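In: need a structure here:
(chains A and B)
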Protein chains: 2
Amino acid sequence: MASQGVTATIIPSTDPHASEYVADYWKERQWISGFTGSAGTVVVTSSQAGLWTDSRYFLQAEQQLSGSGIDLFKEGLPDTPSITEWLGKVLPSGSKVGINPLLFSVNSVVNLQNELKDKGLSLVADVDLIKSLWNDRPALPDAPVFVYSPQYSGKSAKEKIAAIRQEMAKKGADTYLFTALDEIAWVFNIRCSDVEYNPVAIAFGSIDKDKATLFVNPSKVSLNVADLLSDEGISVAPYNAVFEYVATLHLNVTVLIDKAKTNFALYQDIPAHCRVVAAQSPIFYQKSIKNQTELDGTREAMIKDGVALTRFFMWLEDHVASKTLTEISIADHLRELRAEQSLFIGESFGTIAGYKEHGAIVHYSATPESVSTLSPEGLLLLDSGGQYLDGTTDITRTVALGALTDEERTDFTLVLKGHISLGMAKFPMGTRGSQLDILARKALWDNCWNYGHGTGHGVGHFLCVHEGPQSIRMDENPTQLVPGMVISNEPGLYRAGKHGIRCENLVAVVEAEKTEFGQFYQFETLTLFPFDTKVLEPSLLTAGEKVWLNDYHQMVYSRVSPHLTDAEKSWLKAKCAAIN
Amino acid sequence: MASQGVTATIIPSTDPHASEYVADYWKERQWISGFTGSAGTVVVTSSQAGLWTDSRYFLQAEQQLSGSGIDLFKEGLPDTPSITEWLGKVLPSGSKVGINPLLFSVNSVVNLQNELKDKGLSLVADVDLIKSLWNDRPALPDAPVFVYSPQYSGKSAKEKIAAIRQEMAKKGADTYLFTALDEIAWVFNIRCSDVEYNPVAIAFGSIDKDKATLFVNPSKVSLNVADLLSDEGISVAPYNAVFEYVATLHLNVTVLIDKAKTNFALYQDIPAHCRVVAAQSPIFYQKSIKNQTELDGTREAMIKDGVALTRFFMWLEDHVASKTLTEISIADHLRELRAEQSLFIGESFGTIAGYKEHGAIVHYSATPESVSTLSPEGLLLLDSGGQYLDGTTDITRTVALGALTDEERTDFTLVLKGHISLGMAKFPMGTRGSQLDILARKALWDNCWNYGHGTGHGVGHFLCVHEGPQSIRMDENPTQLVPGMVISNEPGLYRAGKHGIRCENLVAVVEAEKTEFGQFYQFETLTLFPFDTKVLEPSLLTAGEKVWLNDYHQMVYSRVSPHLTDAEKSWLKAKCAAIN
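Out: Residues are numbered from 1 along each chain as shown, chains lettered A, B, ... in the order given. Presented below is the predicted three-dimensional model:
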């Protein structure tokens, strides 16, 4: 820092692509701090260091930072200063704060600049301190890129690129630069295994009026793949060539970028003689609206998931009394059962298996130190998902392993009421997720209870399990729900030290009736596995909610059972039995 | 226009205060076009003229514009161009469009400038063409200003001004200019009858660090009132002196204005050596949160409204068979009955009495040409309200005058279900109206039906019946609902050519429980008059909804009946009888 003339630096958890999951190469914050949580930011000054992270990681961070000299700053607590507030206090006025511009989006740099300026500090967005220090840094991943067939994607890359060029024309853009890995994978119909859980390649992308370029390490692209891409009008260039490409854009070229995602290093390289149009990435939006092939593939993946889950929960029932199963071992077994299904590629995220009080920790990830052994009592929350070539799944079930308390039954039933209410909703064209969110919460709000996470996130098609722009949350999001969008429906309730409950299906927006009052939409449930009716207090459900649940269970049985053995069929049939 | 060098002008319906209801003096659009509707904009070019208005006025505008040479542009229809789109088509590139800067807010001028620029046109915001043409223009109203006692307002003007100065300090403002008439009335504790329905004075206001000024025609202020204002630290200056006041602001003065409301003429007069801080007017927000005295007064006003409505509907029942009552005559009689109540000042808006198919016209206002005579059948929608010294009321009831169809019963019951569902809601601190809106619509959405207006608007305290910033609408509004806010709960359903239904109460946000999940809020119903259970199809209500309705009717009876004669008591008791 001294040699670079800065008195502090900020080290975030992301990569040059604003990714949720990052390759080991980019885990700078983990390397410098030893803290392995998925979210957190380290700040180093000439005499102090701190880590900012949120409540799900308070315990883990305290343990991992112990003895490191890094102080823990607990985000969300009233007395915790923000990073810039803290810097404003500990640094002399006029100090410079350095960041690596590759790891910050344009928008985040602008915000940082403004906040630091208010505190009499300045930002130097041109400092890579880690590069020269991290000697045993892992290599960038080198998994091969493969072409994702239109048999699964439903559209050729050529068609997608043509549609994007229409959006570019509307915005007067000559060139469109995109940096989010799932956007690149979707528009170019490629997949890869560079990143855990997300089947994407580390790359950049650009589309011009007459060419399209995939910037990716060429050693990852076989001649065959390069030929197939070329047939779709896509050239391959080295990963870092994107910087030269940007820097040499011609006079008067209009460049379209999404400032929420484009890293500041790339943005800085755009010549001053170009015009920048900032807008939400059109690939981001088009990707969220699944075509018929993508939806059909997802429905197939859901059947396979249902088969794996049937086998899993049968096995769990048979073995829980042995008291040999743990939160970790059951997650391993579930992965093995999914892996037996056709076209399985991997998990779509790290399984959350939370037994009893661990279920109340929303993003719990069992470690050898924390892991619980299951016994035949209490609730198990299991949130898991698979990546299949034909689709991505994400399902949470909360099941009874044995005797339950009345509170557990009531809590579960009210959460399920919310899930059903949202699942049954009809809504007019133009509706946003924030308008529907209350349906999932109302049964809880009526008791002055709530849950502290969103109700629904978009889900990719053999892509990231979290995608936008759509969501169902208390927060406003201007994105309207339109047919083809896939989104989760996952209300929950968490009682610290006791139990956690979440009921999650994936749903697709589909058309409902058109009346004199306009076109209405509704949800089609994609996920195929029964809710545990043993946990249910049926007297708390309305007649309409019972009809929905029984119909859903009947659909689950009719779609999943043809792929089961007789014993499995009987088991599933019992689980899908109608309640009254 | 030729002498001013412009080739078109835009004449809006508002005044220099962005008012909903304007004094006759400002009815420039009505004067030039003959169109008397409350919403509409006239555009005149050197060879053409047009009026833009919305669907509620299509018929009326067609009739009133007939033979005027002014074309009608129906807003909201897919083929109707916006005003600037139309100007872009009919004017030669480079043409200038003139407007009177007094009649446009800063924000609307900026939008207009941008839109016209896109079309190759420019705006001249400095043209008052009507002034020299309108010879028999009415005078500005000269009603006397009176002081609104803290007995009703609950706080002295001095206290309110001190609170506003704290907000100014937070924003670093030396001077705060405000132009909305209800904001001036609220913060200075004055009222007047310059404008129909809204008890406000035509004025401007300013608050500095050490003085506060009411800019109003001095002939409206008696010496006594001036003394009382002076005691509160408020000086009186002539109405137009606000322009000189603004123009002579000293070097480096920081001026706080709300650009959504401040007229462009005033804004232009702020010297370049001043700094402008643009923000939502702090009075606007503080005014929306009623204090205990204001809430208590509103509760009193509701009892009086309940008494007047009891007498009205008894009389209506007795006389409807005579077939002599009309939509106009019943509105007149209702006004007379309200006027018998103590502290009554006037109506809070023009009564909407819509019989049968007229009920489906959302903002229907009966005219001698359109008026229906009532007979003992079908539905009557009656939306009315009073201004009492102690509070403002606004209530809609839809009642059966005789035999009904099944459709009318079902429609009414589903609307009432929505009203009850919203009325019963509990919600966490931080909730916005847009999150709750669906509760009022869900029973309709389940049938793919909807209504095309908001569910709830804020209501002033002996002030405007429509006020912000809070609302309950499908549209996003970032304002959080907080205790003390008064808002309407008015779902509806409108079947063109058949009938219209609306169920409206006013409610106040109040505290509910605080749990481990945080502080929750709920609504207290303020309005006191029964819904017509004769229209109800009880089998469509849940047990919980019936409990709410029966409890509500019991409260209505217990609060209103002490003020009734024995005959009236019996009538109201029957109307409030529990359903099962």
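
In: if I read this right, A:W134 contacts A:E28, doesn't it?
Out: Yes: shown here, A:W134 and A:E28 form a contact pair, counting by CB atoms under 8 Å, at 7.2 Å. (Each C-beta comes from the backbone N, C-alpha and C, glycine too.)

In: ok, the two, which is more surrounded?
Out: Set A:W134 next to A:E28 and count neighbours by other CB atoms under 10 Å in any protein chain shown: A:E28 wins out with 24 against 14.

In: quick one, strands of the stretch 101-250 of chain A?
Out: A:122-124, A:146-147, A:175-178, A:190-191, A:204-208, A:212-215, A:234-237 (DSSP state E, counting those that start in this stretch).

In: Go ahead and name everything in contact with the fourth one.
Out: Strand A:190-191 is touched from outside by A:145-148, A:184-185, A:199-201, A:214, A:225, A:229, A:462, with contacts defined as CB atoms under 8 Å, 6 or more residues apart in numbering or on different chains.

In: Next: the first one.
Out: Here strand A:122-124 makes contact (CB under 8 Å, 6+ apart) with A:4-6, A:94-99, A:109, A:112-113, A:116.

In: can you do 10 Å?
Out: Residues from elsewhere that reach strand A:122-124, judged by CB atoms under 10 Å, 6 or more residues apart in numbering or on different chains: A:4-6, A:9-10, A:84, A:94-99, A:101, A:104, A:109-110, A:112-117, A:264.

In: hmm, back to that, tabulate the strands of the stretch 101-250 of chain A (JSON lines), appending mean pLDDT and distance to B:Q387.
Out: Putting the strands of the stretch 101-250 of chain A into JSON lines (pLDDT from 0 to 100; distance: least, CB to CB, whole Å) gives the following:
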{"stretch": "strand A:122-124", "mean pLDDT": "96", "distance to B:Q387": "56"}
{"stretch": "strand A:146-147", "mean pLDDT": "98", "distance to B:Q387": "72"}
{"stretch": "strand A:175-178", "mean pLDDT": "98", "distance to B:Q387": "58"}
{"stretch": "strand A:190-191", "mean pLDDT": "98", "distance to B:Q387": "67"}
{"stretch": "strand A:204-208", "mean pLDDT": "98", "distance to B:Q387": "61"}
{"stretch": "strand A:212-215", "mean pLDDT": "98", "distance to B:Q387": "66"}
{"stretch": "strand A:234-237", "mean pLDDT": "98", "distance to B:Q387": "69"}
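
In: Turn those into CSV, columns for distance to A:P538 and mean neighbour count.
Out: Formatted as CSV, these follow (distance: least, CB to CB, whole Å; neighbours: other CB atoms under 10 Å in any protein chain shown):
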stretch, distance to A:P538, mean neighbour count
strand A:122-124, 59, 17
strand A:146-147, 49, 19
strand A:175-178, 50, 26
strand A:190-191, 44, 26
strand A:204-208, 52, 24
strand A:212-215, 54, 24
strand A:234-237, 56, 18
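
In: Could you name the stretch from these that's closest to B:C192?
Out: strand A:122-124 (53.6 Å; CB to CB).

In: neighbouring strands for the closest one, and are they parallel or not?
Out: Strands that pair with strand A:122-124, judged by DSSP bridges, come out as strand A:96-98 (parallel).

In: For the nearest residue to A:E377 once chain neighbours are set aside, give me its contacts.
Out: Distance criterion CB to CB, 6 or more residues apart in numbering or on different chains; nearest residue to A:E377, sequence neighbours excluded, is A:G402 at 3.8 Å. By CB under 10 Å, 6+ apart, the contact list for A:G402 reads A:V320, A:A321, A:L374, A:S375, A:P376, A:E377, A:G378, A:L379, A:K534.

In: Please identify which of the residues you listed is nearest to chain B.
Out: Within those, proximity to chain B (CB to the nearest CB) peaks at A:L379, which comes in at 18.2 Å.

In: Can you give me every residue that contacts the nearest residue to that closest one once chain neighbours are set aside?
Out: With sequence-adjacent residues excluded and distances taken as CB to CB, 6+ apart, A:L379 is closest to A:H499, at 4.8 Å. A:H499 is in contact with A:354-360, A:378-381, A:398, A:404-405, A:407-408, A:411-412, A:493, counting by CB under 10 Å, 6+ apart.

In: where does stretch A:207-215 sit relative to the chain's centre, distance-wise?
Out: Centroid displacement of stretch A:207-215 relative to its chain, using CA atoms, centre = their mean, to the nearest Å, is 27 Å.

In: ugh, wrong one, I meant stretch A:511-522
Out: Offset of stretch A:511-522 from its chain centre (CA atoms, centre = their mean): 30 Å.

In: Can you confirm whether that stretch lies near chain B?
Out: Yes: for stretch A:511-522 and chain B, the contact criterion (CB under 10 Å from any CB of the partner chain) is met by A:A512, A:E513, A:K514, A:T515, A:E516, A:F517, A:G518, A:Q519, A:F520, A:Y521, A:Q522.

In: which parts of that stretch are buried?
Out: Under the neighbour-count criterion of 16 or more other CB atoms under 10 Å in any protein chain shown, stretch A:511-522 has A:A512, A:F517, A:F520, A:Y521, A:Q522 buried.

In: before we move on, the earlier item: make JSON lines from the contacts of strand A:190-191 and add distance to B:I161 to it.
Out: What follows is these, written out as JSON lines (distance: CB to CB, whole Å):
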{"residue": "A:V145", "distance to B:I161": "68"}
{"residue": "A:F146", "distance to B:I161": "70"}
{"residue": "A:V147", "distance to B:I161": "71"}
{"residue": "A:Y148", "distance to B:I161": "66"}
{"residue": "A:I184", "distance to B:I161": "58"}
{"residue": "A:A185", "distance to B:I161": "60"}
{"residue": "A:P199", "distance to B:I161": "63"}
{"residue": "A:V200", "distance to B:I161": "59"}
{"residue": "A:A201", "distance to B:I161": "63"}
{"residue": "A:L214", "distance to B:I161": "64"}
{"residue": "A:V225", "distance to B:I161": "72"}
{"residue": "A:L229", "distance to B:I161": "69"}
{"residue": "A:F462", "distance to B:I161": "63"}
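
In: Dump the helix or strand that contains A:D383 to CSV, keeping only the CA atoms.
Out: A:D383 belongs to strand A:379-384 when assigned by DSSP states H and E. Included here for strand A:379-384 are C-alpha records, laid out as CSV according to Å, rounded to 0.1, in the frame of the first residue of the first chain:
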residue,chain,number,x,y,z
LEU,A,379,-38.0,-31.2,12.1
LEU,A,380,-35.4,-31.5,9.3
LEU,A,381,-35.1,-28.6,6.8
LEU,A,382,-33.6,-29.8,3.5
ASP,A,383,-32.9,-27.3,0.7
SER,A,384,-31.2,-28.8,-2.3
